[in-house]
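Student: What would the 3D arrangement of this be:
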Amino acid sequence: MATNAFAAGAYAAVQNIGQTSTAAGAGRTAQTGELPDFSAMVGSALGSVRESGQAAEAQGAAVAAGKADVVDVVTAVAESEAAIETLVAVRDRVIQAYEEIMRMPV
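Tutor: Modelled structure (predicted):
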């Protein structure tokens, strides 16, 4: 169930990235009127994946100490796995887009 919430949050965040304000100009964010920073977006995504991995590790340590339920560990690991799979899929699409751009005639 938490994995579904994580995926829904990730999809909502990705959808918000592309939203622009027509008054601010094409390709500009609605909040600041500036172009979105791709490196900040990627850094944020990596931070999110790192946090989910750390949460899974913490749950694993808690169950080893007898302070957590195994279901919580499985849920945390599943969320971490979903985050990593999403990150890998995005990376693959970026590489595919780059390769397609490089094949374009100049």
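
Student: Does anything pack onto the one helix or strand S80 maps to? Which helices or strands?
Tutor: Per DSSP states H and E: S80 is located in helix 70-103. On a contact count with 3 or more CB pairs under 8 Å, 6 or more residues apart in numbering; DSSP states H and E, helix 70-103 meets helix 2-17, helix 38-64. (Each C-beta comes from the backbone N, C-alpha and C, glycine too.)

Student: tell me the mean pLDDT over it?
Tutor: Average pLDDT, helix 70-103: 92.

Student: Now do it against helix 38-64, angle only.
Tutor: Angle of helix 70-103 versus helix 38-64, following axes from the mean of the first three to the mean of the last three CA atoms, to 10 degrees, is 160 degrees.

Student: Show me which positions of helix 70-103 end up buried.
Tutor: D72, V73, T75, A76, V77, E79, S80, A82, A83, T86, L87 (16 or more other CB atoms under 10 Å).

Student: and the last one, what is it in contact with?
Tutor: In this case it means L87. Neighbour list for L87: A45, L46, V49 [criterion: CB atoms under 8 Å, 6 or more residues apart in numbering].
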